[in-house]
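Undergrad: prediction below, plus the sequence it came from.
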Amino acid sequence: MKKNSVYRFSKANRTLIVLSNVNGELFLEETMEKYNIIEKRTIVI
């Protein structure tokens, strides 16, 4: 079975990523660039 070629983040990193967007510290595109996120999928905690 083939694994997804998607980066996996720990729960702490997911929380940090989402909170930086929610608090307005980073825009979505800036967050994607900073954390090497390829797709614009929403991370729900």
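TA: Cool, got the structure. Fair warning: this is a prediction, and the values are worked out from it, not measured in the lab.
Undergrad: and the helices in the protein?
TA: 11-22, 28-34 (DSSP state H).
Undergrad: can you convert the ones you listed into TSV and add a column each for distance to residue 41 and mean neighbour count?
TA: Heads up, the C-betas are built off the backbone N, CA and C, glycines and all. As requested, the helices of the chain are exported to TSV (distance: least, C-beta to C-beta, whole Å; neighbours: other C-beta atoms under 10 Å):
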stretch	distance to residue 41	mean neighbour count
helix 11-22	11	13
helix 28-34	10	12
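Undergrad: make CSV out of these and add mean pLDDT.
TA: Formatted as CSV, these follow (pLDDT from 0 to 100):
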stretch, mean pLDDT
helix 11-22, 87
helix 28-34, 87
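Undergrad: make sure residue 21 is actually in contact with residue 29.
TA: No. If you go by C-beta atoms under 8 Å, residue 21 and residue 29 don't touch, sitting 10.5 Å apart.
Undergrad: any idea how far residue 19 is from residue 31?
TA: 10 Å (C-beta to C-beta, to the nearest Å).
Undergrad: quick revisit: same list (the helices of the chain) but as JSON lines, adding distance to residue 40.
TA: Converted to JSON lines, these look like this (distance: least, C-beta to C-beta, whole Å):
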{"stretch": "helix 11-22", "distance to residue 40": "11"}
{"stretch": "helix 28-34", "distance to residue 40": "7"}
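Undergrad: show me the contacts for the residue nearest the centre of the chain.
TA: Compute the mean C-alpha point of the chain, and by C-alpha atoms, centre = their mean the closest residue is residue 17, 5.3 Å away. Listed by C-beta atoms under 8 Å, 6 or more residues apart in numbering, the contact set of residue 17 reads 9, 31, 35, 37, 43.
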